[in-house]
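Asks: pasting a predicted model and its sequence here:
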Amino acid sequence: MRTGSPRHAWFKGHIQAEYAWFSIGDSNSLTSISAAPVLSLLKNSFCKVSKYPAGIQENYKVFSQKCSQCHNLNRPINSDYVLPDEWFHCIGRMKRRFGSNIGSSEEGRLYDFLVYDSSVRKRDKLDAKLQVLTLDAQRKAEDKIKEVAAKYQ
């Protein structure tokens, strides 16, 4: 654990040798990092779903259980995927992986959660991606988002 500097570390035994070791480690960029990026990852890996509809909250439980089998939840929660088709293809790819244990019913629940969550929590990213789509593709994406939202009202 980083102490800030070797001056703030507590040493036992060979004080001068341990101080030298920590001084070298502290000055090396490979062994010395700030806690800020790690804390940022932890902070962003959680999704507050308490204000989401009950069905979406249930889908979040499936998402947490299934997706955490293979990777940290930070990965999908903070990914650049926001469009329904992006989530559809992502879930399909994950479903085909050995050991994912994602069944058809869970596939739909994962899709609904991720599409709903993206439309709420990542609205700015979603709007930016919708802007570059053709009008037809934009309408289809918006219809899919509305369809998911309507299921849970």
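Replies: Yep, that arrived.
Asks: please identify the buried residues of stretch 106-125?
Replies: 106-107, 109-119, 121-122 (16 or more other Cβ atoms under 10 Å). C-betas here are computed from N, CA, C, even on glycine.
Asks: flag the shaky bits of the protein, pLDDT-wise.
Replies: 1-15, 17-46 (pLDDT under 70).
Asks: can you list the domain ranges for it.
Replies: The chain breaks down into these domains under automatic domain parsing: 6-33, 47-151.
Asks: give me whichever of those is most buried.
Replies: Mean neighbours per residue, mean count of other Cβ atoms under 10 Å, is largest over the domains of the chain for domain 47-151, with a mean of 16.
Asks: just give me how far that domain sits from the chain centre.
Replies: Relative to the centre of its chain, domain 47-151 is centred 11 Å away, using Cα atoms, centre = their mean, to the nearest Å.
Asks: tell me the secondary structure at S50.
Replies: At S50 the chain is in coil, as set by DSSP: H, G, I helix; E, B strand; the rest coil.
Asks: could you measure the nearest residue in space to it that is not next to it in sequence against Q16, distance?
Replies: Nearest non-adjacent residue to S50, counting by Cβ to Cβ, 6 or more residues apart in numbering: Q57, 7.5 Å away. Going from Q57 to Q16 by Cβ to Cβ, to the nearest Å gives 57 Å.
Asks: next one: R121
Replies: 52 Å.
Asks: any idea how far W87 is from K129?
Replies: K129 is 12 Å from W87, by Cβ to Cβ.
Asks: L130 too?
Replies: For L130, the distance to W87 equals 14 Å [Cβ to Cβ].
Asks: Three-state assignment for Y81, please.
Replies: Using three-state DSSP, the structure places Y81 in coil.
Asks: residues in contact with it?
Replies: W87, C90, L114, S118 (Cβ atoms under 8 Å, 6 or more residues apart in numbering).
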